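Chemist: Provided below for reference: sequence and predicted model.
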Amino acid sequence: MTSGLTRQALRRHRWAFLGPFATQCLAAAVITAMVTTTWSLSAATLSADERRALDASDISDAAAVFSGSAVYLSILMVGVTMTAAIARQARDIALLRAVGATPGRIRRSVARQAAVVAVPAAVLGYVVGLGAGRLWLAALTDHGLVPATVHYVPAPAALPMVIGIEVATSVVGALIAAVRPARVRPATALSETATRRPAGGWLRTSIGLVLFCGGVVLSAVVSSFDPQAAYDAALFVILAMCVGVGLLGPVLIGAAARLTRPLQRWIGGTGLLAGDTLLAQSRAFSTALIPLVLAGGFAGVKVAAHTTAEHVTGLVDPAADRWLDYSGTAIFAAFAAVGALNTLLTVSVGRQRDLALLRLAGATRARALAVWTCEAVTVLGTVLVLAAGVALATLAPITHTALHTWLPYLPASHLALGVLGVAAVIAAGTVLPAAILTRRPAIESIEAP
Amino acid sequence: MDVLEMDGVGRRYGRDRNGIWALRDVSLRVHAGTYVAVMGATGSGKSTLLHCAAGLDRPTLGTVRLTGREVTSAREAALTRLRRDRIGFVFQSYNLLSELTVRQNVLLPSRLGGPRVSATDLERALDEVGLAGAGGQRVGELSGGQRQRVAVARALVTRPAVVFADEPTGALDPTTGGRVLRLLRDAVDRDGVTVVMVTHDPTAAQVSDRLLLLRSGRLVADSATPDATEIAARLAAVSMTAEVRV
């Protein structure tokens, strides 16, 4: 018999499931698009030569890699977004633990919540995926990767498949996310005073520092290798640096808040208030740092690798290669954006009371929004600096060994697009919800449970 | 029979030098069928004592035995089953799942695998707290007093040995609060249930049989409960000295 936690959570904290829903939807869309495209290719009637050319191309491999990444990213991001959804239920979970629910029962309920959300998300993702698949196939045809005689076949058989995959990945992700909250002592969650975990911790900070510096050292070392070895090592550079950034996150946000002190002082009370908040909330904000830096750095590497080669050699890469590379980068960036947005929205909604108190203490709506904008701009600056650093350290060995230049080339339009993308995600996760939340009288936010 | 035995119990929050002892060397025994009130100033360790006694939290030092079972070293699953089957809880707020009905909330421990509750038991429990007709109502629609009575019904429906109540009347007006306290008193007198209640309200403490006073995490007084005026005087005395010491 079910305890009712699942029902309670899905009704009471409906909006908290937007993150897992968006993740599952995106993953289902990617898988649907890739699977239907692959099926369309194999179902097409082609001449022997065309079939051979198609089999020799990377398309099927790329589609398989993209689908596999979607499955993996779905587990990871459902885990991350469910963590936020579970945090909203801390009191309900504590109550159930007190009156007799075992940690296992809580974990099963959380898994059930994710699975229930996964079904409609997968259906919507399937519909979106059919459209995306049609567009992707059209683009492949345009780039000459696929003969024009191949027609898109929207296969209904993909629907049960993506529902199955999404339910399974969501259950795995949710079970991982639920391990810690399900074990918490009921007394901890029931007590009125919330204890905040300190930012960093020396072990976390030192491991982060070692990984980040290790990435930089590795980058310098492989610069003297041959081009292929440098290219192969790039993955480890970007991984080490991004995991390092993740571990150093709270410290980095805190450092950004301290470094911009003179600027905050120049802005005045608004800036100082934003700086203090960033310092206090560094742990919360740092969770959004990881996906943004990872996506920004990764996209920077992928795009600049092509543009630098073209800039230096004057030769244009085959459009087909570039297209497949950019497709994969876009999928990855979309997952990262969903994750970052979800984290930022969770932080923003959780700070609803703080925002209301700010206004009750005398801040006008415009002033309150200005404080949040200052915070958002600082976070944006931190992300851009870190992403640029990660991308440079990863790219420099590749461009140096293959093209004999240390400095990658990125057209201003591409750079502006990337900056705008990151800025849009941060604004949508901070300033936008603040603008919506401050539309109602402050006292209502204080009284709302 | 002693349903609750605490020996040299201490609870420390935080591991480093900034850590504080919320509870220090508390030893006590509670006989079955007693109504115990725990009082003290804010931050004196009342809630920590209750959480450690009820198996909601594990003490840093000492041992706790609940209905003869060692709580301190029990595995999490065993401890959860003990709470589910033998213990009832009433908190100040967040007692119920707001989206479920009154009946579903009262049945929670049973649905979590606890003692079976028959339809007659359920209706009697609702009747006893004056909510006979409200079983199908969603908890979110109820008033604060009604919610607290649902919580009492849930705590009592499995016929527990001990009910732990943390400021059960803290959010209620005196009349509504008095009604909740009477329900707990009736359970002690009629069914021999033991109640351990944390409160800061002398009028609420008055319904108890035994009064424990805490100061800075230490048990400083343990006596039969006097009247409300005397309780207020004793509480003021321990709170005052606590403030001077800090």
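Modeler: Right, received. Where do you want to start? As the structure is a prediction and not an experimental result, all values here were calculated from the model.

Chemist: ok, now how distant is the spatially closest residue to residue A:380 that is not a sequence neighbour from chain B?
Modeler: Computed as C-beta to C-beta, 6 or more residues apart in numbering or on different chains, the closest residue to residue A:380 that is not its neighbour in sequence is residue A:426, at 5.2 Å. Quick note: C-beta positions are derived from backbone N, CA and C, even for glycine. Residue A:426 sits 33 Å away from chain B, going by C-beta to the nearest C-beta, to the nearest Å.

Chemist: number of nearby residues for residue A:426?
Modeler: By the measure other C-beta atoms under 10 Å in any protein chain shown, the count of residues near residue A:426 is 22.

Chemist: got it, and residue A:339?
Modeler: 26.

Chemist: Ok, residue A:104 next?
Modeler: When counting by other C-beta under 10 Å, one arrives at 13 neighbours for residue A:104.

Chemist: just residue B:157 next, same as before
Modeler: Neighbours of residue B:157 using other C-beta under 10 Å come to 24.

Chemist: again, but for residue A:88
Modeler: Neighbours of residue A:88 under the rule other C-beta under 10 Å: 18.

Chemist: Find the closest residue to chain A in chain B.
Modeler: Residue of chain B nearest chain A, by C-beta to the nearest C-beta: residue B:84 (2.4 Å).

Chemist: Against residue A:100, how distant is that residue?
Modeler: For residue B:84, the distance to residue A:100 equals 2 Å [C-beta to C-beta, to the nearest Å].

Chemist: next one: residue A:231
Modeler: Distance from residue A:231 to residue A:100, counting by C-beta to C-beta: 57 Å.

Chemist: Over to residue B:4?
Modeler: Distance from residue B:4 to residue A:100, by C-beta to C-beta: 18 Å.

Chemist: Distance-wise, check residue B:32 relative to residue A:116.
Modeler: Going from residue B:32 to residue A:116 by C-beta to C-beta gives 44 Å.

Chemist: Equivalent analysis for residue B:200, please.
Modeler: Shown here: residue B:200 relative to residue A:116, a distance of 42 Å by C-beta to C-beta.

Chemist: Tell me which residues of whatever helix or strand the residue nearest to residue A:380 lives in come out buried.
Modeler: Assigned by DSSP states H and E, residue A:426 belongs to helix A:412-429. For helix A:412-429, the neighbour count (16 or more other C-beta atoms under 10 Å in any protein chain shown) marks A:414, A:415, A:418, A:419, A:421, A:422, A:425, A:426, A:427, A:429 as buried.

Chemist: can you list the residues you listed in a markdown table and add pLDDT and distance to residue A:347?
Modeler: As requested, these are exported to a markdown table (pLDDT from 0 to 100; distance: C-beta to C-beta, whole Å):
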| residue | pLDDT | distance to residue A:347 |
| --- | --- | --- |
| A:414 | 89 | 30 |
| A:415 | 91 | 27 |
| A:418 | 92 | 23 |
| A:419 | 94 | 22 |
| A:421 | 94 | 20 |
| A:422 | 94 | 17 |
| A:425 | 94 | 13 |
| A:426 | 94 | 11 |
| A:427 | 94 | 14 |
| A:429 | 92 | 8 |
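
Chemist: will you turn those residues into a markdown table that also has distance to residue A:129?
Modeler: Below are the buried residues of helix A:412-429 laid out as a markdown table (distance: C-beta to C-beta, whole Å):
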| residue | distance to residue A:129 |
| --- | --- |
| A:414 | 27 |
| A:415 | 31 |
| A:418 | 26 |
| A:419 | 29 |
| A:421 | 22 |
| A:422 | 26 |
| A:425 | 22 |
| A:426 | 28 |
| A:427 | 28 |
| A:429 | 25 |
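
Chemist: So for the residue of the stretch 251-400 of chain A found nearest chain B, what's the pLDDT?
Modeler: Here the stretch 251-400 of chain A gets closest to chain B at one residue, residue A:353, 16.3 Å apart by C-beta to the nearest C-beta. We have a pLDDT of 82 for residue A:353.

Chemist: Up against chain A, what does chain B have?
Modeler: Listed as neighbours of chain A in chain B under the rule C-beta under 8 Å from any C-beta of the partner chain: B:13, B:47-48, B:51, B:54, B:56-58, B:76-77, B:80-81, B:83-85, B:89, B:91, B:94-100, B:104, B:108-109, B:111-114, B:154, B:166.

Chemist: Next step: those restricted to helices.
Modeler: Members of the residues of chain B next to chain A lying in helices (criterion: DSSP state H): B:47-48, B:51, B:76-77, B:80-81, B:83-85, B:104, B:108-109, B:111, B:154.

Chemist: Mind picking the two most distant members of these?
Modeler: B:48 and B:104 (31.1 Å; C-beta to C-beta).

Chemist: got a list of what residue A:327 touches?
Modeler: Residues in contact with residue A:327, defined by C-beta atoms under 8 Å, 6 or more residues apart in numbering or on different chains, are A:62, A:66, A:136.

Chemist: So for the host helix or strand of it, what gets flagged as buried?
Modeler: For residue A:327, the host element (DSSP H and E) is helix A:319-350. For helix A:319-350, burial by neighbour count (16+ other C-beta under 10 Å) applies to A:320, A:322-325, A:327-329, A:331-349.

Chemist: swap in stretch A:367-381?
Modeler: Under the neighbour-count criterion of 16+ other C-beta under 10 Å, stretch A:367-381 has A:368-380 buried.

Chemist: What are the contacting residues of that stretch?
Modeler: A:253, A:256-257, A:260, A:264, A:267, A:270-271, A:273-275, A:277-278, A:285, A:288-289, A:355, A:358-359, A:363, A:422-423, A:426-427, A:430-431, A:434-435, A:438.

Chemist: Save the buried residues of stretch A:367-381 as CSV, and put in pLDDT and secondary structure too.
Modeler: Shown next, in CSV, are those (pLDDT from 0 to 100; DSSP: H, G, I helix; E, B strand; the rest coil):
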residue, pLDDT, secondary structure
A:368, 88, helix
A:369, 91, helix
A:370, 91, helix
A:371, 90, helix
A:372, 90, helix
A:373, 93, helix
A:374, 92, helix
A:375, 92, helix
A:376, 93, helix
A:377, 94, helix
A:378, 93, helix
A:379, 93, helix
A:380, 94, helix
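
Chemist: Could you pull up the residues touching residue 220?
Modeler: If you meant another chain, say so; for now it's chain A. Contacts of residue A:220 by C-beta under 8 Å, 6+ apart are residue A:397.

Chemist: Please refer instead to chain B.
Modeler: Residue B:220 makes contact with B:213, B:214, B:238 under the criterion C-beta under 8 Å, 6+ apart.

Chemist: what helix or strand is the first one on?
Modeler: I take that to be residue B:213. Using DSSP H and E, the element containing residue B:213 is strand B:210-215.

Chemist: That strand: partners in the sheet, and parallel or antiparallel?
Modeler: Strand pairing for strand B:210-215, determined by DSSP bridges: strand B:35-40 (parallel), strand B:218-224 (antiparallel).

Chemist: Same list, these, but as a markdown table with mean pLDDT and distance to residue B:144 please.
Modeler: As requested, the strands paired with strand B:210-215 are exported to a markdown table (pLDDT from 0 to 100; distance: least, C-beta to C-beta, whole Å):
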| stretch | mean pLDDT | distance to residue B:144 |
| --- | --- | --- |
| strand B:35-40 | 95 | 21 |
| strand B:218-224 | 92 | 31 |
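
Chemist: the strands in chain B, which residues?
Modeler: Listed in chain order, the strands found in chain B under DSSP state E are B:2-13, B:20-31, B:35-40, B:61-66, B:69-70, B:87-90, B:162-166, B:194-198, B:210-215, B:218-224.
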